[in-house]
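Enquirer: please find the sequence and the predicted model below.
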Amino acid sequence: MRFSKRTDWNTEESELAKAHRMRAQAGLPIADLTASNPTRCGFEYSPALLQALTAPAALDYDPQPRGTVRAREAVCAYYGAHGVALNPEQIVLTTSTSEAYSFLFRLLCDSGCEILAPQPGYPLFDFLAVLDDVRVKPVGLVYDQGWQIDPESFRRAITPQTRAIVLVHPNNPTGHFTKPWEASELARLCREFDLALIVDEVFLDYGITEIGSSFASGLEGVAVFVVSGLSKIAGMPQMKAAWVVATGPGQEAALDRLEVIADTFLSMNAPVQCALPKWLMDRGLIQAQIRQRVVANLAELDRQLAGLPVVHRLEVEGGWYAVLRIPALERDEVTVLALLERGVWVHPGYFFGMGESGWLVVSLLGPEADFSTGVALLVDYLQTHQGSNLAAPLP
């Protein structure tokens, strides 16, 4: 059988994945500092969330390509709480942000076109782009008293094939919000080169040091597409509900085309659309728990790292991840495997486009006791294994 080149991935199990699987199968303890599934992190969900799926209206098949008006009005109410007034006609419902990205890539790009994306960043974009015959070109972020873009790096990366810039606001995993000056610089580039701006705001509600503003309010003279969904907003990744918000010049034509794309798939099911208003209305319960957990775990991380002055926890403003800068004495994969042998599981930084050495990424979402145990194991390893080498300055 012949397969398409777009699916020509290396699907062999990585050394890290194999080591984790074998330890789990052996029944050995693992303190998981990569936990990202809120439904398995000990949070309390209201039984009423499932009751919302039993609405009689779900028995009626009423295919609406953009989604039912009631569901889209609920999304408008969500943005209204963020100070942004939207019309339901600006919204197209999708089953996930991944599907939303795919719709937008198909809307904006022909085969071989490029999308610019800041790095470090979430690796999912690469797979989605390949499936839609689009290339993601990474543009490095700068860390100087916090993460930020380098506008000239974006300018240099733009080619005649570039169609859009993708942001995650706040970024995953760096946790930094896009600042107004950054938005202005990116808007200037979009206007100059006729680019669209795609902004992923799934972590928008999880500010730690500040409250972020939504790009759904638009940028002058720029076509902006905001994607978000219940995976993070309501801590319900299993319910598969997300959306695209279109603003700016050409939005009517863009929405007409998105409607045809959505009509081709008709993928969001009726019970979820009926339940969406209830789930968005009740999002505060799970969000409060998540924010409390993240703040507590971040404080515990800082407390334990205080004894390791050459290990730096980089500034984080939102989301539920933290980036650690460690001495680049060996490849991070070696460090992660050694940590797993001690019973703690972390992400190497290269998963997110960082260098091969000197970076670890931890999730702040896991239960506090498990998190504390995992951090203690990590700190003990760095102290005992690397010993006097820790006194060496970071490269």
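Expert: Happy to help now that I have it.
Enquirer: phi, psi of the residue most central in space within the chain?
Expert: The centroid of the chain falls nearest to residue 172 when counting by C-alpha atoms, centre = their mean (4.8 Å). The phi/psi pair for residue 172 (degrees, to the nearest 10) reads phi -120, psi 110.
Enquirer: so who does the residue lying closest to it once chain neighbours are set aside touch?
Expert: Of all residues not flanking residue 172 in the chain, residue 122 sits nearest, at 4.8 Å (C-beta to C-beta, 6 or more residues apart in numbering). For glycine as for every other residue, the C-beta is placed from the backbone atoms N, C-alpha and C. Applying C-beta atoms under 8 Å, 6 or more residues apart in numbering, we find residue 122 in contact with 168, 172-173, 352.
Enquirer: neighbours of the nearest residue to residue 142 once chain neighbours are set aside, how many?
Expert: Distances taken as C-beta to C-beta, 6+ apart put residue 150 closest to residue 142, at 5.0 Å, once the chain neighbours are dropped. Close neighbours of residue 150, defined as other C-beta atoms under 10 Å, add up to 16.
Enquirer: look up how far residue 353 lies from residue 150.
Expert: Distance, residue 150 to residue 353, by C-beta to C-beta, to the nearest Å: 15 Å.
Enquirer: for residue 83, same thing?
Expert: For residue 83, the distance to residue 353 equals 32 Å [C-beta to C-beta].
Enquirer: between the two, which has more neighbouring residues?
Expert: Between residue 83 and residue 353, counted using other C-beta under 10 Å, the more crowded position is residue 353 (19 against 10).
Enquirer: touching, that one and residue 123? I think so.
Expert: Yes: with contacts defined as C-beta atoms under 8 Å, residue 353 counts as touching residue 123 at a distance of 7.2 Å.
Enquirer: run through this protein and note the low-pLDDT ranges.
Expert: The chain contains residues with pLDDT under 70 at 386-395.
Enquirer: quick one: the helices in the stretch 201-350 of the chain?
Expert: Here the stretch 201-350 of the chain has its helices, by DSSP state H, counting those that start in this stretch, at 230-233, 251-265, 270-281, 283-305, 332-341.
Enquirer: same for the shortest one, what does it pack against?
Expert: Contacts of helix 230-233 with other secondary structure elements, assessed using 3 or more C-beta pairs under 8 Å, 6 or more residues apart in numbering; DSSP states H and E, are made with helix 270-281.
Enquirer: if we can go back for a sec, and of the helices of the stretch 201-350 of the chain, who's closest to residue 74?
Expert: The closest of the helices of the stretch 201-350 of the chain to residue 74 is helix 270-281. By C-beta to C-beta, the value is 3.8 Å.
Enquirer: what is the nearest of the contacts of residue 122 to residue 258?
Expert: Taking C-beta to C-beta as the measure, residue 168 is the one of the contacts of residue 122 closest to residue 258, at 20.5 Å.
Enquirer: chain neighbours aside, what residue packs nearest to that closest one?
Expert: Closest residue in space to residue 168, ignoring its immediate chain neighbours: residue 200 at 4.4 Å, by C-beta to C-beta, 6+ apart.
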